[in-house]
Structure formats: structure tokens, C-alpha cells
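1. below: sequence and its predicted model.
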Amino acid sequence: MQSPPSVAQGLTLDRGDDREYHVTVEVADVTETHGKTVVTALASGNLPGSPAQLRYAFILEGGKVARLELH
């Protein structure tokens, strides 16, 4: 398994009511278990509940995402 990327991805969320949230998501870990690729990331920024740990599990079939689970 490859090491997770060290570069964080940033994005801006505009709610349409003069509030903007700036969020950075950094991959903390990538593992393979039971046929799933599990990605753990830390989302931080100026939004309520920050920072938050996010977990995604992917099942790939034919090089495409066949199933995505959000934990």
C-alpha cells in the first residue's frame, strides 16, 4: 500500500447567505481491508465542528468506484 499523499486539498463552501467556509482536507491514512480501500482524512477550517475526522470506504470494480461508504 502506498503512503497517503502529504498535500492537503482546500475548498471554499459558499452557503449563499454571505457566509463562506474555508475547509482543508488532509489524508491521514489509506488502508486496504476486506476488499475495501479505506481513506481516513482530517477536515479543518472555519466551519462548525472543525476539525472532523472523515472515513470513506471504496470498493473498486473494473477500475471504477462500485460502492462508496461514508463512516
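-> Yep, it's here. Remember, predicted model here, so these are calculated numbers, not experimental data.

2. alpha carbons only for contacts and neighbour counts from here, please
-> Will do.

3. grab the nearest non-local neighbour of the residue positioned nearest the centre of the chain.
-> Central residue of the chain (C-alpha atoms, centre = their mean): Ala41, 4.9 Å from the mean position. Among residues not flanking Ala41 along the chain, Val27 sits closest, at 4.2 Å (C-alpha to C-alpha, 6 or more residues apart in numbering).

4. next one: the one you found from Glu61, what distance?
-> The gap separating Val27 from Glu61 is 23 Å, by C-alpha to C-alpha, to the nearest Å.

5. of these two, who's got more company?
-> A count of neighbours by other C-alpha atoms under 10 Å puts Val27 above the other of Val27 and Glu61, at 20 against 9.

6. what are the phi and psi angles of that one?
-> Here is the backbone geometry of Val27 (degrees, to the nearest 10): phi -70, psi 130.

7. I'd say it and Leu42 touch.
-> Yes. Shown here, Val27 and Leu42 form a contact pair, counting by C-alpha atoms under 8 Å, at 6.5 Å.
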